[in-house]
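In: Requesting a structural model of the entry that follows:
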Amino acid sequence: MATTKPSSASDHLFSLVWMGAVLYGVAFFLQNAYNIRLQAINEFGPVIHEFDPYFNWRATQYLYENGAKKFLKWFDHMVWYPLGRPVGTTIYPGMQFTAVFIKNYIMGDKMSLNDICCYMPAWFGVIASFLVGCIAYEASLEGNSMTLFGALLDALTGHYTEDASVSSPKSTGYYKLSSYIGLYSPAVECAVFAMGFMAVVPAHLMRSVGGGYDNESVAVTAMSLTFFLWMRSLRSNEKHSYLFGILAGVAYFYMVAAWGGYIFVLNLIGAHAALLVLLGRFSTKVYLSYTLFYVIGTSLAIQVPVVGWTPLKSLEQLAPCVVFLGYQVLQYCEIMRKRNKWSRSQAWKFRIQVGSAAFVALVVLVMAVTPRGYFGPLSSRVRGLFVPHTKTGNPLVDSVAEHQAASQQAYWQYLHILCFLAPLGFIFMLFRFGDSASFLLVYAFAAYFFSHKMVRLILLTAPIASSLSGIAVGRSVAWCLSAFMEEDDTKKSTTKKKVDENGKPKGSKKKEKKSSSDDKFAGIAAIQQGFDEASKSTEGKIVKGIASIVILGSLYYQATSFKSYSWQISKGLSNPSIILKGQMRDGSVVTVDDYREAYWWLRDNTPADARVMAWWDYGYQITGIANRTTIADGNTWNHEHIALLGKALTGSEEEGYQIARHLADYVLIWGGGGGDDLAKSPHLARIANSVYRDHCPGDVTCRAFGFVDRQGTPSPMMERSFLYKLHSHKLRPGVVADPTKFEEVFRSKFGKVRIFKILGVSQKSKKWVEQNRECDAGGWFCPGKYPPGLKDILGKKKDFAQLEDFNRGPLTKTRKKAELQRQREGKEEEAKPKTISDERKVEIYSTWEDTEDTTLMWKIVTSNAVDDLERWLKQDPGAAWIRSADGRGPMWWAFESKNQDIVTILMKMGVPHTDKDKNGFSPVDLLKEA
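Out: Here you go, the predicted structure:
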């Protein structure tokens, strides 16, 4: 971009002051981004948080100690016992390689590997904040001077777009200051404020606080870098900007290596490339940008072991490939159009011919490879993004809180004021439109759609919400400041331009390229010009100045409030969860470190080959801290194995023991109330029942396992369970674990963790597992097998057909046919709704009593668990008519909780909403009271 020489010393001085303010703003926001992420480290020290980060830490440690070659062939037999897991080929290793690189080549002995892992989220959080500023800058440059409506009109009228397609407005007054140093206002202001928002927005903090060594902490930075370089490759008025497409491809490779969310990045850029075609913005530069990005990015992506050839086989990633092929066809047509100087109709005729031929060829190719199983299926989590209520049909996936749909409250919690500023920035973008800026519109729609489906994906909204909010505030601030620095007409340069014989400026023979929609929007331009003229009057300047002061004051107040809110939220997000702060009855604050104490006890007091049974949540921490073998962990790749664990924990004490003695030496239980194992156990029972149908016979949702009242009284099935016996051992009256089967060997200081030694462990099974691992030809892929002692229990399972099972080989035609048949049988079984007679309805409705069913129904209705209710009513429609001792039933509770979806379901089943309860209240009355 050309620079402009200052017209006076004062202008030059003011431009330096402006630049100093910009640099101060950037430094201030980035420093704030770093400090807000260090709260946990400042309070608890360099401690890794949560569960998953401990797997990442252990993998990083293995890579550092053994090197890349061994890492990529690492089959870990300390996890998923007795099966094991091939870690090197099933992990996104970008973060681990980054940490080891920093340790080996930057920090060396100055910082331990653990400390590097703890500080990395904060470092990358700062970098991501800066990159989001770059995105906002790129979207606000003067080349983005079209309107969306003008671009649509150009596309409809067949206006052909060239590389330098739009003219740039001339900077004057305040906006001229930045042009002296090669920058552009208000793009700089937009960038600075976007950095400020990204620095502290909770949607980003949730995955980037110090100690949160999770893939997303690095992936958001990689994603932001990829998006910026893609937008940079499309910059207007630069002939060779497409070369940034090469860097975008490399950045995308890093994104692929860091996180499975790379699919979102690939599809988003592919969708934007397709949109540019629909808007008539396809050009040689756009073609080269996307082609370079896709070819280089995909070529590098397939080198990541966990990804392999999926970019060219998975249904989730084929759309960008189709766009790439379409670009080749379009570019060929464009070359022919220009070479032959065809008219619009001739060009379209040729495009249709070539496009039809390409489409037929593609269909033939797809039909040829599909029967051979070339294309991979959609994963359960991706399927869950496109079905109602984000339910995947997999109780394991659905049991995870972060896989649930996002609510309006969640958006406000994680985005706060950005919920209002981002839409304003979106509107600005509609009138400051261009090839780069249009990407943010696509990103905004996609991020909102997917985050609405799964609350975890609100993370994806942080960069786009910050960018759009930065654009809204940046343009507003620049406009306000320009009100105090407008140039007077008398001070404008009066230097006359040289003209030719026609009275036109010399050198204007080459026309400035201009959108064909300009003339059609002359009326709007005239109105805008009228406002500009009015604002230059004395009265206009006064009004503009007052408005500017009000806007700046309001923005300052809101920014201060947002900063305070973000710091407050950050304190909660910075809690490492493995260490807690608690308050004693005397008011003193204590540090609760029970969990690490339990893991340290296992590390120091059990044999190195000890196997620990615990619910899968804690598997990563047990292997990462205690360095002991676990039954399952958060990878959740094998549904059937987790179901076996669930059956052991939620089955009877005897049944659980008979499973545990063949798999484990110790059992670790989380207690102490809150979200302990007992609170989670209904989910465990559901997961067990999805594979072992005899676990809760005839009860799809396993309602028999749970609490019967709000005081936590266990149901008979829960009271008999293996988990309940160990959890409440000698804590509740009459509850004692069988002393011939279990020995309590550890109880933490505050009772949060208990460890039991299993007596009578089958050493025969343990030895058999070690001696019967089958290795492939490479000698490192050696999955284990279940011991013969579990043959009877395993014979009762019915596979859930988990798609992500990487220890199973490719499906043969026979196996595939059998699985499809099982799926059809399951669907047919579920599709048969049961009916109930009117007499039975009256009988149930007239019976008022507190039962397990009424308690469970109350929990389902008040928690708005629509899917659970529908499954229950499909199996037992009479449940809609049950009533508790106070005369209330599901219709009362639905009205009281304002759960409209459940009210609708019950009304369709004929449940009345005007009947009275014991105290004379109808469901409608409860709504009025609320």
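In: State the three-state secondary structure for Phe781.
Out: coil (DSSP: H, G, I helix; E, B strand; the rest coil).
In: burial measure for it, as a count.
Out: Using other Cβ atoms under 10 Å, Phe781 has 17 other residues around it. Any C-beta I mention is one placed from the backbone N, CA and C, and that applies to glycine too.
In: Phi, psi for it please.
Out: Backbone torsions of Phe781, given as degrees, to the nearest 10, read phi -90, psi 100.
In: again, but for Val360
Out: phi -60, psi -40.
In: And it, how close does it get to Pro371?
Out: Between Val360 and Pro371 the computed distance is 19 Å (Cβ to Cβ, to the nearest Å).
In: And Trp123, by the same measure?
Out: Applying Cβ to Cβ, the value for Trp123 to Pro371 is 49 Å.
In: Have a look at those two and say which one is more surrounded.
Out: Higher neighbour count among Trp123 and Pro371: Trp123, with 20 against 8, using other Cβ under 10 Å.
In: Following the helix or strand harbouring the more buried one in sequence, what is the next regular element?
Out: Element membership for Trp123, per DSSP states H and E: helix 113-139. Next along the chain after helix 113-139, taking DSSP H and E as the criterion, comes helix 148-157.
In: buried stuff in the longest helix along the chain?
Out: In the chain, with assignment by DSSP state H, the single longest helix is helix 538-573. Neighbour counts over helix 538-573 (16 or more other Cβ atoms under 10 Å) mark 544, 548, 551, 555, 562, 566, 569-570, 573 as buried.
In: Which residue in these has the weakest pLDDT?
Out: Within the buried residues of helix 538-573, pLDDT reaches its minimum at Lys544, with 79.
In: roughly how far apart are the spatially closest residue to it that is not a sequence neighbour and Ser548?
Out: Sequence neighbours aside, Ala483 is the residue nearest to Lys544 in space, at 4.5 Å (criterion: Cβ to Cβ, 6 or more residues apart in numbering). For Ala483, the distance to Ser548 equals 4 Å [Cβ to Cβ].
In: for Thr904, same thing?
Out: For Thr904, the distance to Ser548 - Cβ to Cβ - is 50 Å.
In: Check Ile48 too.
Out: Counting by Cβ to Cβ - Ile48 and Ser548 are separated by 48 Å.
In: quick one: low-confidence ranges for the stretch 251-400 of the chain?
Out: Within the stretch 251-400 of the chain, the ranges that satisfy pLDDT under 70 run 376-400.
In: Next, the buried residues of the helix or strand just after the longest helix of the chain.
Out: Counting by DSSP H and E, the element after helix 538-573 in chain order, helix or strand, is strand 580-583. Buried residues in strand 580-583, counted by 16+ other Cβ under 10 Å: Leu580.
In: again with stretch 608-619
Out: Buried, per 16+ other Cβ under 10 Å, within stretch 608-619: 610-619.
In: Spatially, which two of those are the most separated?
Out: Farthest-apart pair in the buried residues of stretch 608-619 is Ala610 and Asp617; separation 19.4 Å (Cβ to Cβ).
In: Tell me which residues touch the nearest residue to Tyr595 once chain neighbours are set aside, please.
Out: The shortest distance from Tyr595 to any non-neighbouring residue, by Cβ to Cβ, 6+ apart, is to Ile578 (5.0 Å). By Cβ atoms under 8 Å, 6 or more residues apart in numbering, the residues touching Ile578 are 47-50, 595-596, 621.
In: I'd like the buried residues of helix 538-573 laid out as CSV, including distance to Asp677.
Out: Shown next, in CSV, are these (distance: Cβ to Cβ, whole Å):
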residue, distance to Asp677
Lys544, 64
Ser548, 59
Ile551, 54
Leu555, 49
Phe562, 39
Ser566, 34
Ile569, 28
Ser570, 29
Leu573, 25
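In: Which of those residues sits closest to Tyr213?
Out: Checking those against Tyr213 with Cβ to Cβ, the nearest one is Leu573 at 14.4 Å.
In: Can you give me the separation between the closest one and Ala679?
Out: 22 Å.
In: ranges for the strands of the stretch 701-850 of the chain?
Out: For the stretch 701-850 of the chain, strands defined by DSSP state E, counting those that start in this stretch occupy the ranges 742-747, 753-758.
In: Tell me the strands beside the first one, with direction?
Out: Strands that pair with strand 742-747, judged by DSSP bridges, come out as strand 753-758 (antiparallel).
In: Not counting its own residues, what contacts the strand it pairs with?
Out: So strand 753-758 is contacted by 594-595, 597-598, 601-602, 613, 657, 660-661, 664-671, 726-727, 729, 737, 741-748 (Cβ under 8 Å, 6+ apart).
In: Please flag which of those sit within helices.
Out: 594-595, 597-598, 601-602, 657, 660-661, 726-727.
In: Of those - the most surrounded one?
Out: Going by other Cβ under 10 Å, Ala598 tops these with 27 neighbours.
In: give the contact list for that residue.
Out: 668, 746, 748, 752-753, 755.
In: Please repeat the previous calculation with a cut-off of 6 Å.
Out: By Cβ atoms under 6 Å, 6 or more residues apart in numbering, the contact list for Ala598 reads 748, 753.
In: please begin residue numbering at 59 from this point
Out: With 59 as the first residue, the last one maps to Ala656.
In: Neighbours of Arg898, how many?
Out: For Arg898, using other Cβ under 10 Å, the count is 13.
In: what's the nearest residue to it if we skip its chain neighbours?
Out: With Cβ to Cβ, 6+ apart, the residue lying closest to Arg898 is Gly936, at 6.2 Å.
In: helix/strand/coil for the one you found?
Out: Strictly by three-state DSSP, Gly936 counts as helix.
In: Do a quick rundown of the strands in the chain.
Out: 133-134, 143-144, 638-641, 647-650, 669-671, 687-688, 724-728, 800-805, 811-816 (DSSP state E).
In: Can you lay out those as CSV showing distance to Phe763 and mean pLDDT?
Out: Shown next, in CSV, are the strands of the chain (distance: least, Cβ to Cβ, whole Å; pLDDT from 0 to 100):
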stretch, distance to Phe763, mean pLDDT
strand 133-134, 32, 94
strand 143-144, 29, 92
strand 638-641, 28, 80
strand 647-650, 29, 88
strand 669-671, 19, 97
strand 687-688, 24, 96
strand 724-728, 17, 95
strand 800-805, 21, 96
strand 811-816, 21, 96
